[in-house]
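1. quick one, what's the 3D model for this:
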Amino acid sequence: MSRTIIYAVSALVVAGLMWWLVAMPRIELAESNHATAAEKIVELQKLDEQRVDLIRDQQLQILDITENERRNRELLQTIAGQSRAQFHALKELQQNDKTITEYLRDGVPVELGRLYQRTATTDPGTYRKPSEVRTD
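-> Purely as a prediction, here's the structure:
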């Protein structure tokens with residue numbers, strides 16, 4: 001019976017050694033796979049954080065672009081309003097020019113001419129007065 005116990009213990013030891021020889025590489029492989037998976041998870045988390053940051057930056061850029069487009073529309077509306085005002089002012093100036101041209105075609109009314117009469121402008125002799133330059 002002692003031999004059977006020795007054989008049984010030996011068989012158990014051999015089975016344990018066989019299991020250890022077979023299972024050890026599998027355990028190391030599993031640990032290696034676990035370490036690789038953990039590294040990939042960390043890398044993917046970093047990549048997700050970068051994506052979130054990129055999306056946040058893009059949202060801020062879109063907001064800036066939208067604000068700039070709104071300001072551009074306001075400026076275009078202001079320019080259009082000013083252009084209309086200039087167009088109307090130009091039309092009014094052209095009408096005034098026509099009125100003034102018609103008025104100037106007629107002679108100056110006598111009463112108006114006498115009202116503003118000055119010898120410096122009505123006496124032809126005073127048109128070309130010699131300039132008095134002092135030489136001292």
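2. and the next helix or strand past the longest helix along the chain?
-> Scanning the chain for the helix with the most residues, using DSSP state H, yields helix 2-105. Scanning forward in sequence from helix 2-105 by DSSP states H and E, the next helix or strand is helix 110-115.
3. and that following helix, how far from the chain's centre?
-> On the basis of C-alpha atoms, centre = their mean, to the nearest Å, helix 110-115 is displaced by 65 Å from the centre of the chain it belongs to.
4. report the buried residues of it.
-> For helix 110-115, the neighbour count (16 or more other C-beta atoms under 10 Å) marks no residue as buried. (Each C-beta comes from the backbone N, C-alpha and C, glycine too.)
5. can you list contacts of it?
-> By C-beta atoms under 8 Å, 6 or more residues apart in numbering, the list of residues contacting helix 110-115 from outside is empty.
6. and L29, how close does it get to V13?
-> From L29 across to V13, the span is 25 Å (C-beta to C-beta, to the nearest Å).
7. where in the protein is pLDDT low?
-> Along the chain, the model assigns pLDDT under 70 to residues 21, 118-136.
8. at 50 what do you get?
-> Scanning the chain for pLDDT under 50 picks out no residues.
9. what's the spacing between the residue nearest the centre of the chain and Q58?
-> The centroid of the chain falls nearest to I65 when counting by C-alpha atoms, centre = their mean (4.6 Å). According to C-beta to C-beta, I65 stands 10 Å off from Q58.
10. got it, and A15?
-> Going from A15 to Q58 by C-beta to C-beta gives 62 Å.
11. just L47 next, same as before
-> 16 Å.
12. repeat for K46
-> In terms of C-beta to C-beta, K46 sits 19 Å off from Q58.
13. cool, and E39?
-> 29 Å.
14. kindly report the same for V110.
-> Distance, V110 to Q58, using C-beta to C-beta: 81 Å.
15. one more: A37?
-> Using C-beta to C-beta, one gets 31 Å for the distance from A37 to Q58.
16. do G107 as well
-> Between G107 and Q58 the computed distance is 76 Å (C-beta to C-beta).
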